[in-house]
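J.: below are the sequence and a predicted model; questions follow.
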Amino acid sequence: MRWPPPLPLLLLLLTAGPTAAVQKQVKIVGLFDSGSARQAAAFRYAVDRVNADPTVLPNVRLVASIQRIPLLDSFQASKRVCALMEQGVAAIFGPQTASTSAHVQSICDAMEMPHIETRWDYRLKRDDYSVNVHPHPASLSKAYESLIRYWNWKTFTVIYEDIDGLVRLQEVLKAPSSSEFKITLRQLPADSTDYRPLLKRIKKSGNTRIVLDCRLLVLRPILDQALEIGMMNQYFSYLITSLDVHSVDLEAFRHLGTNITALRLVDPAQAVASDLLQDWLQDPLPAHNGYVAMHLNILPFFQTETALMYDAVRVFAHALHAFNEKLTVRPLSCQAENSWAEGNSLVNFIKLVRTGGLTGTIEFDREGFRTEFTLDIVELLQDGLKKVGYWTLASGANYTRSYGEKIREIEHSLWNKTLKVIMALNEPYVMMVNESDPTLTGNARFEGFCVDLVNEIARLRNFSVEFDLVEGGSYGGIDPVTGKASGMVKALLEQKADLAITDLSITYEREQVLDFSMPWMTLGIGILYKKPTNEPPPLFSFLAPLSLEVWLYMATAYLGVSVLLFILARFSPYEWDNPHPCREDPDVLENQFSLLNSLWFTIGSLMQQGSDIAPKAISTRMVAGMWWFFTLIMISSYTANLAAFLTVERMVSPIESAEDLAKQTDIKYGALATGSTKNFFRDSKIASYQRMWSFMQSARPSVFVNSGAEGVERVKNERYAYLMESPQLEYVVERNCDLQQVGGLLDTKSYGIALPPGSPYTSTISTAILILQENGTLHLLKTRWWKEKGGGKCKKDTKAGTNSANELGLDHVGGVFVVLLCGMAAACMIAICEFVWKSRKLAHEDHVSLFGEMAREVRFALRCQSTSKPARRPAALPSEMLTGWSPPPPPAIA
Ligand code: GLU
C-alpha cells in the first residue's frame, strides 16, 4: 500500500476504531463512465458491506476508489488507470463501454492486474487477467432460444434496436434448419420515436408473436404505441429480451391479456435484495446516504447492471479470502512495464469463486466468463409481473406454474368478458330466427345448434358473447396460389372476432394459420341424391327366384331323368307287364314307360301333380324317388324365394357409390364452392376422386353451389348429386323424404371452433366442449336440432332398398343336383343287376348261354319299336308258378 494513504481512507482509518487499525487495507478501483452512477453507488455500497461483515474479510479492509471517466474516452481512462496503479491497487472494476474497457483490459493484462467487468461482452475469448460477472451473451441467447422452442413458435417477428440485439438472439437466428423458424427481422428507427409505422406493418403481416429487443428507455413507448394500434390484446405475445423488465411500469397492460414474458437475473423481491436495500437507505454514513439519495430510487438498484456490480465486489472479496488475504499490493508503473506477480494468482482465485449473489449463483468458466447461471421466467399477469419458471443452461426452460394454474388464470381472465363470435349461415347450425322481423336485434336474431353450443360454453366459462355473421357468408381458407385468406379464416386472422363457428371443418390448411378447439362433431363426406322410384315387376318375374343357370340345369335334369327312366324301364324286366291280366299267358308284355310317358311322369312330379304311371321296378322307382326328392327341394326353394321376390318392390338407383358417380357423366355432381369438401377432391390422391375433381372443375354451368340449401335444391330439381357432409345430409334426409344418402362416407373429419392464432382461450373452450360432450349436452342439442325441430318427417320405408332377396345360385341348390345324379347312377346300377340276374335265370332255363340271352334281351330293348314283348315261359316249370312272366321267345325276334 502506498503511503501516505489517500484522504478518504485516512478518514476511515481514524473513525474505524482500534480493530480496524490492525486490518490491512486493499484498494480497489471502480471506473465508471457517465451514465453509470448506479453501478458506482452499488460498488461503493458493496465495499461497505464487505467491510462491515467480518466474516467475509476478517483481516482486510477494502478501500473503494470511484473514478469517473468521460464516455468513450479511452485515452483518459488509460491515463487514469496508470495513475491509480502507481498508487497500488488490487483490482480494477469497469468501465461499462466496450472501447474504453478494452484499453483498460490490455493495461491490466500487461501489469497482471485483475480486471473485473460487469458489462455486456460477446467475445468468445478474452485476456487472461479479466473476468466478467455479466452472463455471457451466448448463454443468454440459448435461454431465448429455449423459450421460443418451449412455446413452439414457428413464425415470429424480431424487433431489434441495434446489432447487440441480433447477438442476443444469435441462437435463434442460426437455428439448425432455416425452415424451423420463420423469422421476420424489423429494426426500430434510429432517428424517430414514432414506432407506429413499423408496428402497423407487423400487425398487417398477421404475425402475433414478437421478440422485442430494445433499451429499457424505449420499451414503454413501444408498448404504448402498440396499444394504440391494437397490438396489445390477448392474441399478441411478446418476449422482451431485457433482463430488467421489472423496472418498467407495466401497470397499463396488466388487464389486456397480452402475453408478455421476459427473463430476469435479479429478483427484486428476494429477501437478500430487499434487506440490502433497506440497509442501504438507512446507511449511517451520511456521505453514502447522500449519494444513494441523490442517484437512486428503490427499483433501479435492482437493475441487473447494479446488482452485477454489487456481486462483482463480493466475488473479489471471496477470492481474496480464499487467497488467505496475504496480499501485498505494489505500486506499478505503466512506463516501467513492471507487473504484479500476485495478480496472476488472484485472478485464478477469482475464476474459482463459486458463490451466491444478488444475481444468483456466480461461477466462471476457464475463460472468466459467466456461462452458467439461472434466469427467472417472468410473465405479466393480472396482478403484475410474476415468476412462472426458471431457465438454466443444463435444463433449459422449466415452468414451475402448473398447466392447471395457467388454465385457471385464463378462465379467470374470461370472466365477464364479451367475446365476439362470427358465424356463417347453414341449417341447422346457424339460422336466422326471422329475417323480416325488425324487432329482433343482437343475439336474438340467431338460432341453431352452434348458437346453442356457444351459449352453453359461455355459460360454463362465465363470459358473454356477441354473435355476428361473417361478411360474404363464406367459411374460407387460404388460397393455395395467392396465399390470401378468405371468409371466416380472414376475419379471425384480422382479429375481427374471438371465435368462429358453423359447420367449420378442422383442416390442415386452416390449422396452419388458426387455432382450433377440440372437435364437437365428427363426420364424413356423403352423397345426397334422389331416392330411386319403384320399378314395376318384370313380366317374367316368376323366373327371378332362380338364376338362369339353375333354370338351365333344371331343364337338362328333367330331360336327362326322363330319358333315363325310359331306358331303365326298358331294361328292367319288372316294367314289362301283362296287358291282359285275365290271360295268364300273354303273348306280349307291355312297358308303360314309353319316352312320352317318361317325360310326362317326370314333369307331373316336378309340377307336384303326379301321374297315373307308377314305376314298379326297383331301378325305375329309384329314379322316380330321387327325382321326387330333387323336385321337393327345388320347388320348396323356389317357393320360398318366390315369396320374397314377389313381396319385394325392387328399387333401382342409377348410382350406388362415389365410384359410380365417377364412372358416368350423365348425372352432374358438385359441392360447396368455398368448403372443405371441394378441397378434399382437389387434394385427393385417389384416382376416382381425382377424376371427379376434373369433372367438377370443367363442368359448365358450374356444379359448385354457394350454400348447402342451394345444393339440396339442385338435387331436387336436376339430375344432380350433392357431395355434402354427413350431419347435414342426415338433417336434409330427415326432412326431404324423396332424398337419400347414396353409398358410404368418403372420409372422416371433425368440426371445431376456430380461434385466432395464439388465442389463450383455445384450451378453455376445448375443455368446455369436452364437458358438454361428456354430460350429454352435445347429444341433446343434436337431437333437438336434427330430430325434434322438423325432423322425423319420413316414415322409415321398410321396402326401401330391399333388393336384398337374391336369386338362388347354383351354390345354393347344387347339392340337389348331386343327389339327383347319384340317385340316377344308383338306379342304373340296379337296372344292370336286375337285367343280369334275370338273363342268367332265363339262360339257365332255356339252356342257352348267359351272354346269348343277354344279347337277345339287349337287342330287343334297343329296338325301341314296341312296348309289347312276347311272354316267355321256362320249359321246366309249370306256367302257374311263373305268374306274370316267362314268355316264349318272341316271334319278332325269331
Ligand atoms: N364444413 C365445410 C367447411 O368447413 C363446409 C361444408 C362443405 O364443404 O361441404 O368448409
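T.: Now that the structure is in, tell me what you want to look at. Numbers count the residues shown, from 1 in each chain.

J.: counting by contacts, list what the top helix by length along the chain packs against.
T.: Looking across the chain with DSSP state H, the single longest helix is helix 810-846. Contact here means 3 or more CB pairs under 8 Å, 6 or more residues apart in numbering; DSSP states H and E; on that basis helix 810-846 packs against helix 548-571, helix 618-647, helix 850-863. Every residue, glycine included, has its C-beta placed from N, CA and C.

J.: flag every buried residue along that helix.
T.: 813, 816-817, 820, 823-824, 826-828, 830-831, 834-835, 838-839, 841-843, 845-846 (16 or more other CB atoms under 10 Å).

J.: gap between residue 228 and residue 337?
T.: Distance from residue 228 to residue 337, counting by CB to CB, to the nearest Å: 60 Å.

J.: the two: which is more packed in?
T.: residue 228 (12 against 9; other CB atoms under 10 Å).

J.: the ligand contacts on the stretch 101-250 of the chain?
T.: Residues of the stretch 101-250 of the chain found near the ligand (CB under 6 Å from any ligand atom): none.

J.: need the helices for the stretch 101-250 of the chain, in chain order.
T.: Using DSSP state H, counting those that start in this stretch, the helices found in the stretch 101-250 of the chain span residues 137-151, 163-168, 170-173, 196-205, 216-228.

J.: who's in contact with the third one?
T.: In this case it means helix 170-173. If you take CB atoms under 8 Å, 6 or more residues apart in numbering as the criterion, helix 170-173 is touched by 137, 138, 141, 142, 144, 145, 148, 158, 166, 181, 183, 211.

J.: from these, which is closest to the ligand?
T.: Closest approach between those and the ligand, by CB to the nearest ligand atom: residue 181, at 29.7 Å.

J.: picking that back up, and the ligand, which of the buried residues of helix 810-846 reach it?
T.: The overlap between these and the neighbours of the ligand (CB under 6 Å from any ligand atom) is empty.

J.: CSV for the helices of the stretch 101-250 of the chain, including mean pLDDT and distance to residue 593?
T.: Below are those laid out as CSV (pLDDT from 0 to 100; distance: least, CB to CB, whole Å):
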stretch, mean pLDDT, distance to residue 593
helix 137-151, 93, 98
helix 163-168, 87, 113
helix 170-173, 88, 105
helix 196-205, 94, 101
helix 216-228, 95, 111
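
J.: okay, angle between whatever helix or strand residue 388 lives in and helix 137-151 too, please.
T.: Following DSSP states H and E, one finds residue 388 within strand 384-392. For strand 384-392 against helix 137-151, the angle by axes from the mean of the first three to the mean of the last three CA atoms, to 10 degrees is 110 degrees.

J.: quick check, residue 412 in contact with residue 382.
T.: Yes. The pair residue 412 / residue 382 is scored as a contact, 7.5 Å apart, by CB atoms under 8 Å.

J.: related to what we said a few turns ago, so which of the helices and strands packed on helix 810-846 gets nearest residue 215?
T.: Nearest of the helices and strands packed on helix 810-846 to residue 215, taken as CB to CB: helix 618-647 at 88.8 Å.

J.: give the next helix or strand downstream of that closest one.
T.: Per DSSP H and E, the helix or strand that comes after helix 618-647 is helix 658-663.

J.: just the buried residues of that following helix, please?
T.: Buried residues in helix 658-663 (16+ other CB under 10 Å): 658, 660, 661, 662.

J.: which residue sits closest to residue 738, ignoring its sequence neighbours?
T.: Take residue 738 and drop its neighbours on the chain: the residue closest to it by CB to CB, 6 or more residues apart in numbering is residue 531, 5.5 Å away.

J.: how much space separates the one you found from the ligand?
T.: From residue 531 across to the ligand, the span is 21 Å (CB to the nearest ligand atom, to the nearest Å).

J.: likewise for residue 719?
T.: Residue 719 is 20 Å from the ligand, by CB to the nearest ligand atom.

J.: please apply the same query to residue 253.
T.: Distance from residue 253 to the ligand, counting by CB to the nearest ligand atom: 36 Å.

J.: can you check residue 62 too?
T.: Per CB to the nearest ligand atom, residue 62 is found 73 Å from the ligand.

J.: residue in this protein nearest to the ligand?
T.: Nearest to the ligand, among the residues of the chain, is residue 675, at 2.0 Å (CB to the nearest ligand atom).

J.: quick one on the thing from earlier: distance between the strand holding residue 388 and the chain's centre?
T.: In terms of CA atoms, centre = their mean, to the nearest Å, the gap separating the centre of strand 384-392 from the centre of its chain is 30 Å.

J.: buried residues in the helix or strand that comes right after it, which are they?
T.: Next in sequence after strand 384-392, counting helices and strands by DSSP H and E, comes strand 396-399. By neighbour count on 16+ other CB under 10 Å, the buried set for strand 396-399 is residue 397.

J.: ditto for stretch 525-545
T.: Under 16+ other CB under 10 Å, the buried positions of stretch 525-545 are 525, 526, 527, 528, 529, 530, 531, 532, 543, 544, 545.

J.: spatially nearest residue to residue 256 (excluding sequence neighbours)?
T.: Leaving out its chain neighbours, the residue that sits closest to residue 256 by CB to CB, 6+ apart is residue 232, at 5.0 Å.

J.: phi, psi for the one you found please.
T.: Main-chain dihedrals, residue 232, degrees, to the nearest 10: phi -120, psi 60.

J.: isn't it right next to residue 258, touching?
T.: Yes. The pair residue 232 and residue 258 passes the contact test of CB under 8 Å, sitting 4.8 Å apart.

J.: the ligand contacts on the stretch 351-500 of the chain?
T.: residue 475.

J.: how about the strands of the stretch 351-500 of the chain, start to end?
T.: Under the criterion DSSP state E, counting those that start in this stretch, the stretch 351-500 of the chain contains strands at 355-357, 360-362, 374-381, 384-392, 396-399, 418-423, 431-432, 446-447, 464-469, 499-501.

J.: so which elements touch the second one?
T.: The contact analysis (3+ CB pairs under 8 Å, 6+ apart) places strand 360-362 against strand 355-357.

J.: ok, the strand it packs on: who's next to it in the sheet?
T.: strand 360-362 (antiparallel) (DSSP bridges).

J.: can you give me the mean pLDDT across the strand it pairs with?
T.: For strand 360-362, the per-residue pLDDT values average out at 92.

J.: how about it, which residues are buried there?
T.: In terms of neighbour count (16+ other CB under 10 Å), strand 360-362 has its buried residues at 360, 362.

J.: residues contacting the nearest residue to residue 69 once chain neighbours are set aside?
T.: Spatial nearest neighbour of residue 69, chain neighbours left out: residue 77 (4.7 Å); criterion: CB to CB, 6+ apart. Counting by CB under 8 Å, 6+ apart, residue 77 makes contact with 31, 33, 69, 95, 100, 103, 104.

J.: assumed residue 582 was part of a helix.
T.: No. Judged by DSSP: H, G, I helix; E, B strand; the rest coil, residue 582 forms no part of a helix; its state is coil.

J.: and it, how many neighbours?
T.: As a burial measure, residue 582 scores 6 neighbours (other CB under 10 Å).

J.: ok, residue 110 - contacts?
T.: Counting by CB under 8 Å, 6+ apart, residue 110 makes contact with 334, 337, 339.

J.: that one and residue 81, how far apart?
T.: Residue 110 is 11 Å from residue 81, by CB to CB.
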